[in-house]
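> what's the 3D shape of this:
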Amino acid sequence: MSEASPELSNPRAPRAVAARRLASRSFRAKQELFLAEGPQAVREAAELDGVLVELFATREAADRYGEIVQAAGRQGSKITIATPDVVQSLSETVTPQGLIGVCRFLNVPLEDFLAERTPKLVALLAHVRDPGNAGTVIRCADAAGADLVVLTAESVDVYNPKAVRASAGSLFHVPVALDVSAADAVGALRAAGLLILAADGTGAADLDDELDSGRLAQPTCWMFGNEAWGLPEALLGLADEAVRVPIHGRAESLNLATASAVCLYSSARAQR
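Below you'll find the predicted structure:
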């Protein structure tokens with residue numbers, strides 16, 4: 001970047017204050033904007049038309065990640081060179097990497113998505129409250145080739161900064177539908193022809209048996225619950241079957257993110 005480029009040096013400047021307020025869920029919802037931090041997330045945002053509204057970058061980061069800054073510029077994003085203390089004021093990490101993007105919401109209404117596409121693999125998060133878990137499941141779903149992730153209204157805000165970081169850029173890859181009830185989501189996905197499977201540690205069906213039988217080759221929605229208490233009976237009752245991941249060793253259980261990876265990859269293998 002040129003040394004003559006204007007530099008934002010005041011953390012109390014209106015643009016910096018407005019961006020910082022996006023740490024609040026209510027302000028994010030009002031503005032329909034969120035923060036994406038770090039080169040991986042910002043790079044993905046800069047590849048999508050109209051998503052990256054503004055890029056805050058330290059001069060050092062702008063030089064190091066020049067291709068990201070150029071990509072943002074080609075999308076018409078506002079590029080703001082800022083001092084490290086301004087970027088630090090926007091960051092929720094101990095050691096910021098110097099790039100923070102202000103991005104538009106990405107979620108799509110479930111009914112609109114299903115009107116245009118018939119998914120083969122969906123992850124449905126019901127009552128998932130931990131943002132790190134939600135972001136990691138989105139990352140797993142993306143890696144397994146899932147077509148859609150659905151978060152129920154009772155789940156965490158997917159635009160929580162911790163969830164965005166945990167998704168490692170996958171939030172910009174896989175469509176996400178938000179704020180639907182589990183019953184409505186299950187009904188819509190079943191009507192679209194998907195098998196509804198609930199991941200549950202005490203499920204009657206064994207994942208290995210489901211995979212060996214070939215049942216997982218059909219379009220499937222996996223429903224995942226809260227890390228601490230799983231899926232309540234009412235939600236388990238919505239599924240076609242409750243499926244447990246077999247524990248072959250002495251571990252008591254798997255955490256949510258690991259279980260989601262195992263289940264989603266089992267379906268991905270069967271479908272391919």
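> and Cys221, helix, strand or coil?
strand (DSSP: H, G, I helix; E, B strand; the rest coil).
> Without its sequence neighbours, what residue ends up closest to it?
Once flanking residues are discounted, Cys221 sits nearest to Val122: 4.1 Å by C-beta to C-beta, 6 or more residues apart in numbering. C-betas here are computed from N, CA, C, even on glycine.
> Check which element follows the host helix or strand of Val150 along the chain.
When elements are assigned from DSSP states H and E, Val150 belongs to strand 148-152. Per DSSP H and E, the first helix or strand lying C-terminal to strand 148-152 is helix 161-166.
> Just checking: what are the partner strands of whichever helix or strand comes after that following helix?
Downstream of helix 161-166, the first helix or strand assigned by DSSP H and E is strand 176-180. If you go by DSSP bridges, strand 176-180 pairs up with strand 148-152 (parallel).
> can I get the CA coordinates of the strand it pairs with in CSV?
Taking C-alpha atoms only, strand 148-152 is exported to CSV below (Å, rounded to 0.1, in the frame of the first residue of the first chain):
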residue,chain,number,x,y,z
LEU,A,148,-27.4,-26.6,3.6
VAL,A,149,-27.1,-25.9,7.4
VAL,A,150,-30.2,-24.9,9.3
LEU,A,151,-30.1,-23.4,12.8
THR,A,152,-33.3,-23.3,14.8
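> Surely the residue nearest to Cys221 forms part of a strand?
Yes - assessed with three-state DSSP, Val122 lies in a strand.
> That one and Pro219: what is the separation?
8 Å (C-beta to C-beta, to the nearest Å).
> Same question for Gly145.
Following C-beta to C-beta, the distance that separates Gly145 from Pro219 is 13 Å.
> go on, Ile68?
Ile68 sits 36 Å away from Pro219, going by C-beta to C-beta.
> Who has more neighbours out of those two?
Ile68 (24 against 17; other C-beta atoms under 10 Å).
> Can I take it that the more buried one is in a helix?
Yes - assessed by three-state DSSP, Ile68 belongs to a helix.
> Quick check, pLDDT for Gly201.
Gly201 is assigned a predicted lDDT (pLDDT) of 90.
> if I pick it, what's in contact with it?
Applying C-beta atoms under 8 Å, 6 or more residues apart in numbering, we find Gly201 in contact with Gly230, Arg244, Val245, Ser253, Leu254.
> host element of the spatially closest residue to the fourth one that is not a sequence neighbour?
Going back to what we said before, that points to Ser253. Leaving aside its chain neighbours, Ser253 sits nearest to Gly201 (5.5 Å; criterion: C-beta to C-beta, 6+ apart). If you go by DSSP H and E, Gly201 is not part of any helix or strand.
> Now do Gly201 against Leu110, distance only.
Distance, Gly201 to Leu110, using C-beta to C-beta: 27 Å.
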